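A.B. asks: only geometry, no sequence info:
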């Protein structure tokens, strides 16, 4: 039996074990941003007694982000027209983040009330109350509670404990007036912030940041928009919560 052996002395091909370079996300951002959020009122029968409230952050930068430089702030509003600056007077009104977040990754902060089947989370924050929800305790996202993304800044305007921060991004804001909802009544109130010209009811929705958004922006009056085109947000139908994109940066 003959064994044929072929040797190619001039061949230079070989298996390349070098790693592919890390490519920045297609939806590249200049900093951490709020990219998703869900609201619900505790009296809505379609919610089935569950309030799947969550806030999702997205790192669309090309590098790893140190989350210890950031915090989430919460501020409830209690009437239509009282306009005040952000305020985070106690540790119940803010949540300092820890760990790191890789490029192209999301970080989900869920209410303890949220069902993990629908809302997989990285951490939880807030009250477990349902029937008698305290609006001053996060995450009671009833469509009129502001969420701020804060970043450490030695010249910042807000003290969180013994450290100064500035608001770099927001969903809702206590310094922007609300309107009366045209949707179902709530046990607490019936007012909302309009988003993308939606004036019927934004208290029972899922919201997604548009993929065109590159920068965090603390100006809620600007980012909520006056219509569907100039708003930075897409939203689900009323009481048509959509959790299919939790953990993903792209909108549906």
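C.D. replies: That came in fine, so what should we check first? Values in this document were obtained by computation on a predicted structure and should not be read as measured data.

A.B. asks: Need the residues that contact the helix or strand of the chain with the lowest mean pLDDT.
C.D. replies: None of the helices or strands of the chain scores lower by mean pLDDT, DSSP states H and E than strand 191-192, at a mean of 85. With CB atoms under 8 Å, 6 or more residues apart in numbering as the test, strand 191-192 has contacts from 77, 79-80, 143-144, 178-181, 199, 201-203. Bear in mind the C-beta positions are built from the backbone N, C-alpha and C, glycine included.

A.B. asks: likewise stretch 107-116?
C.D. replies: Taking CB under 8 Å, 6+ apart as the rule, stretch 107-116 contacts 50-59, 67, 72, 95, 97, 101, 119-130, 138-141, 246-247.

A.B. asks: out of these, which are inside strands?
C.D. replies: Within these, residues falling in strands by DSSP state E are 54-59, 72, 95, 101, 123-124.

A.B. asks: for the stretch 101-250 of the chain, what spans make up the strands?
C.D. replies: 106-110, 123-124, 145-152, 158-160, 163-171, 179-180, 191-192, 206-209, 233-235 (DSSP state E, counting those that start in this stretch).

A.B. asks: which residues sit in contact with residue 224?
C.D. replies: Each residue near residue 224 by CB under 8 Å, 6+ apart is listed here: 176, 193-196, 231-233.

A.B. asks: same thing but at 10 Å, please
C.D. replies: By CB atoms under 10 Å, 6 or more residues apart in numbering, the contact list for residue 224 reads 170-173, 176, 193-198, 202, 207, 230-233.

A.B. asks: gap between it and residue 94?
C.D. replies: From residue 224 across to residue 94, the span is 22 Å (CB to CB, to the nearest Å).

A.B. asks: cool, and residue 161?
C.D. replies: The gap separating residue 161 from residue 94 is 8 Å, by CB to CB.

A.B. asks: Repeat that for residue 103.
C.D. replies: Where residue 94 is concerned, residue 103 sits at a distance of 26 Å (CB to CB).

A.B. asks: higher neighbour count, these two?
C.D. replies: Higher neighbour count among residue 103 and residue 94: residue 94, with 22 against 16, using other CB atoms under 10 Å.

A.B. asks: one step back: any of the contacts of strand 191-192 buried? List them.
C.D. replies: Applying 16 or more other CB atoms under 10 Å to the contacts of strand 191-192, the neighbour count classes 77, 143-144, 178, 181, 201-203 as buried.

A.B. asks: Lowest-confidence one in those?
C.D. replies: Here the lowest pLDDT out of these sits on residue 143, with 73.

A.B. asks: quick one on the thing from earlier: please tell me how far the least confident helix or strand of the chain is from the chain's geometric centre.
C.D. replies: Between the centre of strand 191-192 and the centre of its chain there are 20 Å (CA atoms, centre = their mean, to the nearest Å).

A.B. asks: if we can go back for a sec, widest-spaced pair of the ones in strands among the contacts of stretch 107-116?
C.D. replies: Taking CB to CB, the two most distant members of those are 59 and 124; they sit 20.1 Å apart.

A.B. asks: Who has more neighbours out of the two?
C.D. replies: residue 59 (24 against 18).

A.B. asks: does that one have beta-bridge partners, and which?
C.D. replies: Here residue 59 sits in beta bridges with residue 32, going by DSSP bridges.

A.B. asks: Roughly how far does it sit from residue 33?
C.D. replies: For residue 59 relative to residue 33 (CB to CB), the value is 9 Å.

A.B. asks: what is in contact with these two at once?
C.D. replies: residue 249.

A.B. asks: check contacts around the residue nearest to residue 203 when sequence neighbours are not counted.
C.D. replies: Nearest residue to residue 203 in three dimensions, chain neighbours excluded: residue 143, at 3.2 Å (CB to CB, 6 or more residues apart in numbering). By CB under 10 Å, 6+ apart, the contact list for residue 143 reads 39-41, 172, 178, 181, 183, 186, 189, 191-193, 195, 201-205, 207.

A.B. asks: Which pLDDT value goes with residue 250?
C.D. replies: pLDDT, residue 250: 70.
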